[in-house]
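Trainee: below is the sequence, then the predicted model.
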Amino acid sequence: MCIATDSCEPCPSNGECYEGNLECIYGYRRHGKLCIEDRDIDETAKKLSESVEAGLCEAYAQVLCYGTGTVWVRENDIWNDLDRHNLMQNVGSDHTTYVYMKRRAMETIAKLLETRTNLHGLQEFKCPDALAEHYKPLTCRFRELVSKHSLIIMSICAGLIGCAVLFLKVRQRMYISARAEELYNQVCDMLEENALKSKNVDGEGESWVVASWLRDHLLLPRERKDPQLWKKVEELVQDDSRVDRYPKLVKGESKVVWEWQVEGSLSSSGRRKKGEGIELKSNEGINTNINQSSRTLKTGALLAHIVHYASCSLFNLVSYLSNVVKVPWRPFY
């Protein structure tokens, strides 16, 4: 490009020089002595290519997930579809700008997508497999992930169910044990009270009590449905030497009765006598209670550890799925 008769400068790229005048090719505008790309045209062409990419990749993602959709699309079809795009309506009546913008968009599309030539010699485009993964629906990606890691998920679910069942069983055993001891103490108090009353009325009253009557009196209606609870109480009574258990004919029916041994026995109501022997037994009872409380705390800590482990496993699984199953990227139209 000759600016003056005594000095010439080379014509810049993307420009045409004639008789000292610089004209930029279409799609570029003059900026001083340079031809720079028209930003508006470039942005519009980029958005057009992104729109085409999104449409093709979403269609191909449907094929990968559900087996229905379009894989390869002809270049002519894409070229014609650009005419119906909203961005092309803003170009106006300038046909040269209109065609140039479509050509720039097709050049960008050819760089982003896979291409091939069909049997008729026409060029076709297809979304790359790696790019189509980002356009799969969330439900499809989640289903594929579950199918791929089904063994791990089933193992974790089985572990959670096992922990829950174990927790419920241990909790039920702890409840039965504590409730049985409570009922056992009530039985001893009632037997002792009944025996003392029968002795105070000159032996005319009965010192025994039918075991089934005690059971129905002490147990709640819902507790009567669980035979293990009263069976545990019977075991505690059987191990107590202060209580006699023997069959007796009551109103023409054979019943098992329990009787408190008044003579020479220790009171069950917690009466304390002065003396070192009684104090020693009291201390032993306290130590026993402490040991029982310690065992209960250890069991509770074990259950808490099991539940914590199960919760952490479930949380890690959900976090892993959340990181893998990301929301697909959508271009700006």
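Mentor: Perfect, I can see it now.
Trainee: just the pLDDT for the residue lying closest to residue 82 once chain neighbours are set aside.
Mentor: Spatial nearest neighbour of residue 82, chain neighbours left out: residue 102 (5.1 Å); criterion: C-beta to C-beta, 6 or more residues apart in numbering. Where C-beta positions appear, they are placed from N, C-alpha and C, glycine not excepted. On pLDDT, residue 102 comes in at 82.
Trainee: neighbours of residue 199, how many?
Mentor: Neighbours of residue 199 under the rule other C-beta atoms under 10 Å: 13.
Trainee: the residue nearest to residue 82 contacts residue 79, correct?
Mentor: Yes: in terms of C-beta atoms under 8 Å, residue 102 counts as a neighbour of residue 79; the distance is 6.6 Å.
Trainee: coming back round to it: name the SS class of the residue nearest to residue 82, please.
Mentor: helix (DSSP: H, G, I helix; E, B strand; the rest coil).
Trainee: could you report the neighbour count for it?
Mentor: Count around residue 102 with other C-beta under 10 Å applied: 21.
Trainee: likewise for residue 139?
Mentor: Every residue meeting other C-beta under 10 Å relative to residue 139 is counted, giving 10.
Trainee: now the one 10 residues further on
Mentor: Around residue 149 there are 16 other residues, counting by other C-beta under 10 Å.
Trainee: whichever strand or helix holds residue 79 packs against which elements?
Mentor: Assigned by DSSP states H and E, residue 79 belongs to helix 75-82. If contacts are counted by 3 or more C-beta pairs under 8 Å, 6 or more residues apart in numbering; DSSP states H and E, helix 75-82 sits against helix 39-66, helix 95-112, strand 123-126.
Trainee: least confident of the ones you listed, on average?
Mentor: helix 95-112 (a mean of 81).
Trainee: which is the next helix or strand following it?
Mentor: Next along the chain from helix 95-112, counting by DSSP H and E, comes strand 114-117.
Trainee: and that next one, which residues are buried?
Mentor: Within strand 114-117, no residue is scored as buried using 16 or more other C-beta atoms under 10 Å.
Trainee: contacts for it?
Mentor: Applying C-beta atoms under 8 Å, 6 or more residues apart in numbering, the contact partners of strand 114-117 are 72, 123-128.
Trainee: hmm, try it at 6 Å
Mentor: 123-126, 128 (C-beta atoms under 6 Å, 6 or more residues apart in numbering).
Trainee: just the helices in this structure please.
Mentor: 39-66, 75-82, 95-112, 129-132, 138-148, 150-200, 211-218, 227-238, 276-324 (DSSP state H).
Trainee: in JSON lines, list those helices along with distance to residue 251.
Mentor: Below are those laid out as JSON lines (distance: least, C-beta to C-beta, whole Å):
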{"stretch": "helix 39-66", "distance to residue 251": "77"}
{"stretch": "helix 75-82", "distance to residue 251": "98"}
{"stretch": "helix 95-112", "distance to residue 251": "97"}
{"stretch": "helix 129-132", "distance to residue 251": "86"}
{"stretch": "helix 138-148", "distance to residue 251": "67"}
{"stretch": "helix 150-200", "distance to residue 251": "18"}
{"stretch": "helix 211-218", "distance to residue 251": "12"}
{"stretch": "helix 227-238", "distance to residue 251": "22"}
{"stretch": "helix 276-324", "distance to residue 251": "39"}
